[in-house]
Each structure stands twice: as structure tokens, then as C-alpha cells.
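In: Need coordinates for the following:
(one chain, ligands or ions: 1)
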Amino acid sequence: MKRIMTRSLILWIVTFAFLAGTVFLGVRVVLYSGDWVQQPFNGHMASANGLGKAGKIYDRNALTLAYSENDERYYADDETTREALLHVVGDEGMNISTAIQSRYRTNLSGYNFALGVGLPESLNGTANSDLTLTADADVCRAAYSAMNGHKGACVVYNYRTGEVLCDISAPSYDPADPPTITEDNESEYDGVYLDNVVSSTFTPGSVFKIITAAAAIDNIPDIYDQSFTCYGSLDVEGNPITCEYAHGTQSFSEAFANSCNCAFGQIALQVGEAKMKETAEKLGFNGSDFKMSDIPVATSHYDATGAGENYLAWSGIGQYEDLANPMLMAMICSAVANGGTATSPYILTDDGGLLDKLNISVNKSSDIEMMSPDTASKVKELMRGAAEGYAWRGVDLAGLSFCAKTGTAEVGEDKEATAWFVGFIDDPSHPYAFAAVVVEGGYGIDAASPVVEAAISELVN
Ligand SMILES: [Zn+2]
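Out: From the prediction side, this is the model:
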């Protein structure tokens, strides 16, 4: 009798262990099958690093940017187009974590839990695994070519709809012929795996005067009654804030158009460190959770708390420890254009609920209120005044009316400045906000505005 009891107990234990194991396996299959299916040991999917049967990626005009044939992945015919779109489309090495092919490899492969992969579309639970970008390949190619081999980025997006039309990052490489990066050539490819539009931050220089101006409008009641005299240098706590030459006596608006450091250093001091930080944070600096589609946008930085008056003055002109992300700068310009509310950007077209079907988070976050309508309209006037000066100096955005600000950020004595050009087209038929940054480019007006000119000209003509 005792023996039977023992046997029965053992049987119960074995049965229980079997059932528990089955449940455990089942749960893991459901939870992780999408990952397993992508593993190299899975022969169906191993080709082209899991992209051998993946869907196509199109630009907004149905130009094919990536497709699979005979278990191989192919890209656009034109090499410059391939390089210009690398950071958005991605490569087979999955080196660029924010790229569509890296983020949505499983979705593009049409993997379905019940039916597996590579089934006819009619049987496949994911009816269509092709994705369409909002980006325009011709515009991206034009902007990328205008970078002239410099490191940097350019983004153009529709500030009414949020569609990203141009997202280029340099340096880049050809995804059809990826380089082997070694110690010998790594400087050439420094930061090549980052999409500088969303993943990088740069010293903003004078484009930060947009933020300082908004802070002044909100916090200095008589800012438009003040005048600022620039002698080319202003002593703050024994250290000079310098301009390239003496701007003389200017109003607030004139100081913005002249990009006068001496005036904006004083303005930052009048606003004070707390209110400067408060405005910067309302405009998205220091940890806002912004996204382009569901791709995270790198955090921009502003904080001169406890830094002393000299550094506070420098921080107001976009130096000190200030760091700005290009997508955020375009979003701030979008807010200025839209009466204070920034449009949330996105790069994947959700054609008939396709993204939902593919289980891709659309995540079109709601629009972001950055400033009051009154502040936005005043900042817009300042940027229009600045743009008139740029137009006089030859900047031409397809002949359209625009509002803008240049930046020439000092990044160290042995390096050329980081060039910026940010703003928006002030035309209801062409509602585009833009930001271009050219590392070691020199003057913003010389190095960064041509990149935006190239993009806008291609977009409009
Ligand atoms: Zn000055």
C-alpha cells in the first residue's frame, strides 16, 4: 500500500511538472516568438539579417527605398538617395537603432503568431507589410548633397500636419555597400550610426536667442521700451561677452535681428536664471518626452542655475552648457508659426489603419503648447525681422516669405563654429518648419542656410 502511495505521488509530481513546463513554454512562445523568429538559427528569416522576406519601404511619392527579392535586401537605385535616407530606412546590420528597418523588422517581415512568416498576403494575418514614409526622397537627397561632406543634420516638417518631409544626417554611408569601420577610418565615420535629427544635440549658439527672446517677452514688461548699446564687448563679472563688431544702440527687435550678444547677454541677466530655465523647459529643454512617430527625440539641455552672472549671460546666447536637438528646434519654430503650439512630428504614413494592423505604435503624440499666442506672434515678428536681413544677404527659400534665425556656435578654439539655420516658411500653402545644423561649418548664414534652401527649393518646385 505504501509503495502504491509513493508511486502515485511521483506520478502526480511528474504530471504537475509536465503541465507547468507546457504552460511556461506556451507563455514564452506567445511572448517571445516575434524575437525567436528573427534569430540567426531560424533559416526562414536569417537571410539579409531577418529582412530577406520583409516588405517594401516607400517614400511619400511611392519611390521604392528598400525591398526584398530572393531573400536579399535591396535599396534605392540611386546611391545619393541611399545615403540620404540611410538614417531613416536603416541597413541590414541594424546599426541605426532609430531607423525603420531596425525598429520594425518584425512588422516589416509580416510575422504572424498563428501563421508564421512568408505566407501569401491573403493568408497572412498582417495583410500588408509595406511601409510608406512621409519623407520625400528628392528633398532628402537635395539637402544631403548640400551638406557638402560636413557632419550635421537637416529636418523639414509640415507644421500644420506634422509630416516629416526631410530627415537627413551626415556622415552617412551606402547601405548597399556598408563600410568596414576600423581604427584607421573611424574619424571619417564618427557618429555615423546616429540620426542627428532625432538622436544628437549640438551647441545652439544664436538660435537659442529665440528662447531668450520668448523669456524676455514673458518676463520683462518694458522689453520693447529698452535700448541696448553694444560696444563690441560687455564686461560681466570681469569676463567679456563679445560681438564681432560694435552694433551701437539698438531696440530689442534690432538686437535680435543683429544677433547682438552684448544685448542678449544683458537680457538673460534681466530675466534671471530661474525664469530662463522655466521658459527653456516650456519649450522642451531638459527632459521632455518628445517623439517623431514613436522614435524618441534626444533631450536638449539648458540650466544656468548657480553658474554665476557671466555664465548666465553666455547661456542666454546659446553657449555655456546649452545643447539643442535639431528636431526640437524645428518644433519650437513650428510653435512660433502655429500661435504657440508645436505640432508633433511623424514619419510613417498610417494608410487606412495600416500601422495598427502591423502592430506598430502610431504614437502621434498630441500637439505641445510651448508659448502663449501673444508671445508666439511677437517672436514671429522678431524672426521675420531677422529673415529680412538674411534675404538681403541672399538667402532665398524658393522666393517664399520666411521667418528664421541663424546660429554660429563656438565649440572650442581649434574648431570651426557649428552653423545653424532654423525657422519656417510663412505661407499657408507651404507650411514648413526647418532646422539645419552643420558641424564645423562656420557661419550659419553661409553653411547652414544653403542646406535649407536646397530642401525647400526641391519641395516647392
Ligand atoms: Zn552686439
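In: For the ion, what's its nearest residue on the stretch 351-461 of the chain.
Out: residue 408 (13.4 Å; C-beta to the ion). Quick note: C-beta positions are derived from backbone N, CA and C, even for glycine.
In: Can you tell me the SS state at that residue?
Out: strand (DSSP: H, G, I helix; E, B strand; the rest coil).
In: contacting residues around it?
Out: Counting by C-beta atoms under 8 Å, 6 or more residues apart in numbering, residue 408 touches 205, 206, 417, 418, 419, 420, 442, 443, 444.
In: Tell me where the model's unsure across the stretch 1-150 of the chain.
Out: 1-4, 25-46, 110-128 (pLDDT under 70).
In: next one: the stretch 301-450 of the chain
Out: Across the stretch 301-450 of the chain, the ranges flagged by pLDDT under 70 are 352, 361-365.
In: Contact partners for the residue in the stretch 251-400 of the chain positioned nearest to the ion?
Out: Closest contact between the stretch 251-400 of the chain and the ion, by C-beta to the ion, is at residue 260 (3.3 Å). The contact partners of residue 260, taken as C-beta under 8 Å, 6+ apart, are 228, 230, 243, 247, 250, 254.
In: next one: phi and psi at it?
Out: In terms of degrees, to the nearest 10, the main-chain angles of residue 260 are phi -80, psi 120.
In: so can I have a markdown table of the contacts of residue 260 showing neighbour count?
Out: Output for the contacts of residue 260, formatted as a markdown table (neighbours: other C-beta atoms under 10 Å):
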| residue | neighbour count |
| --- | --- |
| 228 | 21 |
| 230 | 23 |
| 243 | 21 |
| 247 | 21 |
| 250 | 19 |
| 254 | 17 |
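In: From these, which land in helices?
Out: Among the contacts of residue 260, the members found in helices (DSSP state H) are residue 254.
In: and the contacts of residue 260, which of them are in strands?
Out: The strands, defined by DSSP state E, take in 228, 230, 250 from those.
In: coming back round to it: not counting sequence-adjacent ones, nearest residue to the residue of the stretch 251-400 of the chain closest to the ion?
Out: Nearest residue to residue 260, sequence neighbours excluded (C-beta to C-beta, 6 or more residues apart in numbering): residue 247, at 4.6 Å.
In: For the stretch 51-200 of the chain, which residue gets nearest to the ion?
Out: Residue of the stretch 51-200 of the chain nearest the ion, by C-beta to the ion: residue 152 (26.4 Å).
In: give the contact list for that residue.
Out: 169, 170, 196, 419, 436, 437, 438, 439, 441, 448, 451 are the contacts of residue 152 under C-beta under 8 Å, 6+ apart.
In: Just to be sure, the fifth one is in a helix?
Out: No. Assessed with three-state DSSP, residue 436 is strand; it does not lie in a helix.
In: can I assume it is in contact with residue 418?
Out: No. Counting by C-beta atoms under 8 Å, residue 436 stays clear of residue 418, with 11.0 Å between them.
In: Perfect, that will be all.
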